[in-house]
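>>> how would this look folded up:
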Amino acid sequence: MKKNTIICISREYGSGGRAVGELLSEKLGIPFYDKEILSCVAKESDMSEEFVKNHEESATYSHILNVPIGHRFPGVETEEIMTPEKLFMIQAKVIHELASEHDSCIFVGRCADVVLKDHENCYSFFIHSPVKDRIKRLVETEGVSERQAKKMIKQTDWERSSYHNYYTKQKWGDPGNYDLMINSARTGIEKAAKIIIDYIG
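Below is the predicted model:
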């Protein structure tokens, strides 16, 4: 693996994308960032982690706390209002900073593939699998019913795609936007990680 390699993983909900990222981190001995970014964004934005978590990858962009962007509050400067757009810019800044702090690292989600697209050794992968396989995985890992799993998949995939499409102007899951598309139902987590390691090698 080249020095200063950045691996970005986008994933359908329930496909095991995070698990692939964690395994890659273990095998390659490099940092892994997913939800860990939340605390960094919260600190940078001076917002609580709960607030950031509630608005990350959210499909509600033009409103925050049910207040339209551009709405003026008496005695409050517009710059003081935290909007989803501002939160995204802070997140992008944090991702750039984390990428520069390490020789190599892994990012899961959060549009990191587009945020870091100009990085010399940035590779992007999309982990997907058929809905039936994702339902089975969620039933096993999350302890939910098949009906609940199906609902979670539909909602989360919609939120992720809407968020990604809105902020990057690129279609989430479009094969042309990634180095490789990997069907984890066929490869399994272990082989998916191996395929990525072989590709960047």
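
>>> Pull up the gap between the spatially most central residue of the chain and S145, please.
Most central residue of the chain, judged by C-alpha distance to the mean C-alpha position with CA atoms, centre = their mean, is G109 at 1.3 Å. G109 is 25 Å from S145, where distance means CB to CB, to the nearest Å. Where C-beta positions appear, they are placed from N, C-alpha and C, glycine not excepted.

>>> Go ahead and name everything in contact with the longest helix seen in the chain.
Taking DSSP state H as the assignment, the helix of the chain that covers the most residues is helix 146-168. By CB atoms under 8 Å, 6 or more residues apart in numbering, the residues outside helix 146-168 that reach it are 10, 12-14, 57-59, 61, 88, 109, 111, 114, 131, 134-135, 138-139, 142, 144, 170-173.

>>> can you check stretch 97-112 too?
1, 3-11, 17-18, 21, 24-25, 28, 30-34, 37, 40, 56-57, 88, 91-92, 95, 113, 116, 119, 160, 163-164, 167-168.

>>> Could I get the buried residue list for the longest helix of the chain?
Taking 16 or more other CB atoms under 10 Å as the neighbour-count basis, helix 146-168 is seen to contain the buried residues 149-150, 152-153, 157, 159-168.

>>> returning to what we had before: can you select the buried ones among the contacts of helix 146-168 for me in ChimeraX?
Selection of buried members from the contacts of helix 146-168 for ChimeraX, criterion 16+ other CB under 10 Å:
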select :10,12,13,14,57,58,61,88,109,111,114,134,135,138,139,172,173
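
>>> Just after the strand or helix carrying I127, pick out the following helix or strand.
If you go by DSSP states H and E, I127 is part of strand 122-128. Scanning the chain past strand 122-128 towards its C-terminal end, the next helix or strand to appear is helix 131-142 (assignment: DSSP H and E).

>>> what angle separates that following helix from strand 122-128?
On the basis of axes from the mean of the first three to the mean of the last three CA atoms, to 10 degrees, helix 131-142 is oriented at 100 degrees to strand 122-128.

>>> Show me what helix 131-142 is in contact with.
Contacting residues not belonging to helix 131-142 are listed as 12-16, 129, 144-146, 149-150, 152-153, 184-185 [CB under 8 Å, 6+ apart].

>>> Dump it to PDB, restricted to CA.
Output for helix 131-142, consisting of C-alpha atoms alone and laid out as PDB, is shown next (Å, rounded to 0.1, in the frame of the first residue of the first chain):
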ATOM      1  CA  VAL A 131     -32.200  -6.400   0.300                       C
ATOM      2  CA  LYS A 132     -33.000  -9.900   1.500                       C
ATOM      3  CA  ASP A 133     -29.400 -10.400   2.600                       C
ATOM      4  CA  ARG A 134     -29.300  -7.100   4.400                       C
ATOM      5  CA  ILE A 135     -32.600  -7.900   6.200                       C
ATOM      6  CA  LYS A 136     -31.100 -11.200   7.300                       C
ATOM      7  CA  ARG A 137     -27.900  -9.500   8.500                       C
ATOM      8  CA  LEU A 138     -29.900  -6.800  10.500                       C
ATOM      9  CA  VAL A 139     -32.100  -9.400  12.100                       C
ATOM     10  CA  GLU A 140     -28.900 -11.200  13.300                       C
ATOM     11  CA  THR A 141     -26.900  -8.100  14.300                       C
ATOM     12  CA  GLU A 142     -29.600  -5.700  15.600                       C
END
